[in-house]
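K.L.:
what's the 3D shape of this:
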Amino acid sequence: MPYGVPGIPLISPDAGPIPPVPLQQPQNLFRFGEQTIWSTQFFGGGAALAQTVNRLFTTPIGQVGQGWGVQMTIAETNLKEGGRVPSGVAYDVFGVATSVVGASTPLDVPATILDRAFDTQLLGRELINQQQNGVLSWDFTQTQVDICPVILAGAGGGAFGSVSQNAAGANTGQMNNGNGSIWMYRKHPVALPGNSTFSIILRYGSRAANVGVNGVAVRVTLLGYYKNVIEIG
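P.N.:
Below is the predicted model:
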């Protein structure tokens, strides 16, 4: 006799017991994904770097801080709240990247543009100054943990690009430190609970040179996974 007709079960009597059905709907679901979080420090022209301590991920978008003279925009940070992972989700960091870019002005003003190419020997040395003398560390309020020198922080690894010189002796091109690979925390991510407060410290050794005539911005980007709970009941 076929199964599924009125009065006949939809499964064979020999199929075993029917699995129990929960009497209540699930109250929440977990959502996972990948996201980057970034924050940028600005150093004005002529600023002394040696032996300085600079905290990133403390100033949210739309506010002034971390060396900037005007409000930070989405290019400088995507934090909604200083020192907190956006949306309060649990966040596991599997990579840290650092990039350096030159400013068009000595100080950060409304007309400042971050477009200065490291295309001369002098400016190339300024880039290397950041890479070789800067060190990144976690700051968890009561605990500080060193990460690595800037030269190893993801986008580090050296100055890459091309420079050409015309007959007049003017250089054109683009040099930056964006050709490195993700190095830190590939096997053991750093867990940032949703309610934790954190920052990253950018420190410089005693042999760091001063910033050149125009300002320099250093952006640190965290690459990671997030997990949050979606309430449905």
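
K.L.:
give me the neighbour count for the closest residue to residue 84 other than its chain neighbours.
P.N.:
Distance criterion Cβ to Cβ, 6 or more residues apart in numbering; nearest residue to residue 84, sequence neighbours excluded, is residue 197 at 6.7 Å. To be clear about C-beta, it is placed using only N, CA and C from the backbone, and glycine gets the same treatment. Neighbour count for residue 197, taken as other Cβ atoms under 10 Å: 16.

K.L.:
do residue 208 as well
P.N.:
So residue 208, with other Cβ under 10 Å, has 18 neighbours.

K.L.:
that one is in contact with residue 133, isn't it?
P.N.:
Yes: counting by Cβ atoms under 8 Å, residue 208 does reach residue 133; the two are 3.7 Å apart.

K.L.:
helix or strand next in line after the helix or strand of the chain with the lowest mean pLDDT, which one?
P.N.:
The least trusted helix or strand in the chain, going by mean pLDDT, DSSP states H and E, turns out to be strand 171-176, with a mean of 66. Remark: after strand 171-176, the chain's next helix or strand is strand 190-192, criterion DSSP states H and E.

K.L.:
any idea of the mean pLDDT in that following strand?
P.N.:
On average, the pLDDT along strand 190-192 is 87.

K.L.:
next one: stretch 222-233
P.N.:
Taken as a whole, stretch 222-233 carries a mean pLDDT of 71.

K.L.:
what residues does stretch 53-61 touch?
P.N.:
37, 39-41, 65-68, 71-74, 76-83, 139, 198-203, 220 (Cβ atoms under 8 Å, 6 or more residues apart in numbering).

K.L.:
in it, which residues are buried?
P.N.:
54-61 (16 or more other Cβ atoms under 10 Å).

K.L.:
what sits against residue 215?
P.N.:
42-45, 47, 102-103, 105-108, 112.

K.L.:
quick check on the closest residue to it other than its chain neighbours: phi, psi?
P.N.:
Leaving aside its sequence neighbours, residue 215 sits nearest to residue 103 (Cβ to Cβ, 6+ apart; 3.7 Å). Main-chain torsions, residue 103, degrees, to the nearest 10: phi -100, psi 160.
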